[in-house]
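Peer 1: based on what follows, work out the 3D shape:
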Amino acid sequence: MLQAPTGVTMEEIVAATGWQAHSARGAMSGALGKTLGLVVTSAKEADRGRVYRIE
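Peer 2: Okay, the predicted model is just below:
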């Protein structure tokens, strides 16, 4: 989901994982960012709100 060119919204992550939003944000910052060294970016899009992507 995060690797898709269109990215993913927090609502889509929560729906797919069943996690709460704060847990999903923590996983992106902790596990993906610090542990795996992936760069997770976010940008606010007019039609979808904040969208997250792995660069």
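Peer 1: going forward, measure contacts and count neighbours with C-alpha atoms only.
Peer 2: Will do.
Peer 1: distance check, Asp47 against Thr9.
Peer 2: Asp47 sits 11 Å away from Thr9, going by CA to CA, to the nearest Å.
Peer 1: looking at the two, which is more packed in?
Peer 2: Thr9 (21 against 6; other CA atoms under 10 Å).
Peer 1: confidence score at that one?
Peer 2: Looking at Thr9, its pLDDT stands at 96.
Peer 1: for the chain, what spans make up the helices?
Peer 2: 10-17, 21-27 (DSSP state H).
Peer 1: out of those, the one nearest Ala43 is which?
Peer 2: helix 10-17 (11.8 Å; CA to CA).
Peer 1: and the closest one, what does it pack against?
Peer 2: Contacts defined by 3 or more CA pairs under 8 Å, 6 or more residues apart in numbering; DSSP states H and E place helix 10-17 against helix 21-27, strand 49-54.
Peer 1: got a list of what the nearest residue to Gly33 once chain neighbours are set aside touches?
Peer 2: Nearest residue to Gly33, sequence neighbours excluded (CA to CA, 6 or more residues apart in numbering): Val39, at 5.9 Å. By CA atoms under 8 Å, 6 or more residues apart in numbering, Val39 lies in contact with 32-33, 54-55.
Peer 1: swap the cut-off to 7 Å and go again
Peer 2: Contacts for Val39 (CA atoms under 7 Å, 6 or more residues apart in numbering) come out as 33, 54-55.
Peer 1: give me the buried subset of the residues you listed.
Peer 2: Ile54 (16 or more other CA atoms under 10 Å).
Peer 1: just the contacts of Val39 now: which is nearest Trp19?
Peer 2: Gly33 (18.1 Å).
Peer 1: tell me how far the closest one lies from Glu45.
Peer 2: 22 Å.
Peer 1: now swap in Ala21 and tell me
Peer 2: In terms of CA to CA, Ala21 sits 18 Å off from Glu45.
Peer 1: only C-alpha atoms, please: export stretch 35-55 in PDB.
Peer 2: Taking Å, rounded to 0.1, in the frame of the first residue of the first chain, the C-alpha atoms of stretch 35-55 are listed here in PDB:
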ATOM      1  CA  THR A  35      14.300  -0.300  12.300                       C
ATOM      2  CA  LEU A  36      14.100  -0.900   8.500                       C
ATOM      3  CA  GLY A  37      15.600   2.400   7.400                       C
ATOM      4  CA  LEU A  38      12.800   3.200   5.000                       C
ATOM      5  CA  VAL A  39      11.900   6.800   4.200                       C
ATOM      6  CA  VAL A  40       8.200   7.300   4.700                       C
ATOM      7  CA  THR A  41       7.000  10.700   3.300                       C
ATOM      8  CA  SER A  42       3.600  12.300   3.700                       C
ATOM      9  CA  ALA A  43       1.900  15.000   1.600                       C
ATOM     10  CA  LYS A  44      -1.400  16.700   1.900                       C
ATOM     11  CA  GLU A  45      -3.500  16.200  -1.200                       C
ATOM     12  CA  ALA A  46      -6.600  18.300  -1.900                       C
ATOM     13  CA  ASP A  47      -8.900  15.400  -2.700                       C
ATOM     14  CA  ARG A  48      -7.600  12.700  -0.300                       C
ATOM     15  CA  GLY A  49      -6.100  14.500   2.700                       C
ATOM     16  CA  ARG A  50      -2.700  13.400   4.000                       C
ATOM     17  CA  VAL A  51      -1.200  10.600   1.900                       C
ATOM     18  CA  TYR A  52       1.800   8.500   3.000                       C
ATOM     19  CA  ARG A  53       4.400   6.800   0.700                       C
ATOM     20  CA  ILE A  54       7.600   4.900   1.000                       C
ATOM     21  CA  GLU A  55      10.200   6.600  -1.200                       C
END
